[in-house]
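# have a look; sequence and predicted model below, questions after that.
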Amino acid sequence: MSADYVADRSYKRFPIVTGVIFLLNLIGLIYEYSVGQDAAVYRFAMYQGALQDGQWQRLFVSAFLHFGILHFGSNMICLIVFGLDLERRIDWWRYALIYLIGIVGSGLLINYAGGRGVHAGASGAIWGLMTATLVYNLRNGINPAYAMRGILVNLVYSFSAGVSWQGHIGGGVAGLLAAAALTPGKKDNQ
């Protein structure tokens, strides 16, 4: 454990929002398996033009659906890696708001540039947490290397076949902007 963690008294808080987010994603996965993945995707996945079609529920519900157990598992690992740390460092409501803004940013870029496919998963919001972690670390004199590594590795992965680069980039930019407005710096923590 680094000195940064020890010096940050708020780090000991239980990360309830991360737990709720994990649970909502698990409920989404259970729903998919109970009605069938095709039916769940048809009803709730995000696609280009969904908002113009009046399908606003897709903006949020799609963020809690996944294309199988491996997709779910990889997103939940990233949620734990980036979410637990960030939630323990900032107020729970700031963290929840950054996550929600990441969902919206992800969905908006998909809505306007999503191409012909359908998009689902928590990764856009998680990208928001990654970029928010980077902002927080830079503002507070914490080594940003692990956040940068996560962003760079995932950036390369984002342009792989079958991956929603729109969801990732939209969520990442939204999280970056939200963190710029919502995360405290050293002087704010004193």
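Alright, I've got the coordinates.
# run through who's touching the helix or strand hosting residue 29.
Taking DSSP states H and E as the criterion, residue 29 maps to helix 16-35. Contacts made with helix 16-35 from outside it, assessed by C-beta atoms under 8 Å, 6 or more residues apart in numbering, are listed as 40-41, 61, 64-66, 69, 72, 75-76, 79-80, 83-84, 87, 92, 95-96, 99, 122, 125. The way it works is simple: take the backbone N, C-alpha and C, and place the C-beta from them, glycine included.
# between the helix or strand where residue 131 lies and helix 16-35, how big is the angle?
In this structure, residue 131 sits in helix 123-139 according to DSSP H and E. Relative orientation of helix 123-139 and helix 16-35, computed by axes from the mean of the first three to the mean of the last three C-alpha atoms, to 10 degrees: 170 degrees.
# mean confidence score for helix 123-139?
Helix 123-139 carries an average pLDDT of 97.
# just checking, what packs against that helix?
The criterion is 3 or more C-beta pairs under 8 Å, 6 or more residues apart in numbering; DSSP states H and E, and the helices and strands that helix 123-139 contacts are helix 69-78, helix 84-89, helix 92-113, helix 145-158, helix 165-182.
# tell me the mean pLDDT for the first one?
Computed over helix 69-78, the mean pLDDT rounds to 96.
# and the second one, by the same measure?
Across helix 84-89, pLDDT averages out at 93.
# one more: the longest one?
Across helix 92-113, the average pLDDT comes to 97.
# how about it as CSV, C-alpha atoms only?
As requested, the backbone C-alpha atoms of helix 92-113 are provided in CSV (Å, rounded to 0.1, in the frame of the first residue of the first chain):
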residue,chain,number,x,y,z
TRP,A,92,-19.8,9.1,-3.2
TRP,A,93,-22.1,11.5,-5.0
ARG,A,94,-19.3,12.9,-7.2
TYR,A,95,-18.3,9.4,-8.1
ALA,A,96,-21.9,8.4,-9.0
LEU,A,97,-22.3,11.5,-11.0
ILE,A,98,-19.1,10.9,-12.9
TYR,A,99,-20.3,7.3,-13.7
LEU,A,100,-23.7,8.6,-14.9
ILE,A,101,-22.0,11.3,-17.0
GLY,A,102,-19.8,8.6,-18.5
ILE,A,103,-22.9,6.6,-19.4
VAL,A,104,-24.5,9.6,-21.1
GLY,A,105,-21.3,10.6,-23.0
SER,A,106,-20.9,7.0,-24.2
GLY,A,107,-24.5,6.8,-25.3
LEU,A,108,-24.4,10.2,-27.0
LEU,A,109,-21.4,9.4,-29.2
ILE,A,110,-23.0,6.0,-30.1
ASN,A,111,-26.2,7.8,-30.9
TYR,A,112,-24.5,10.1,-33.4
ALA,A,113,-21.6,8.0,-34.6
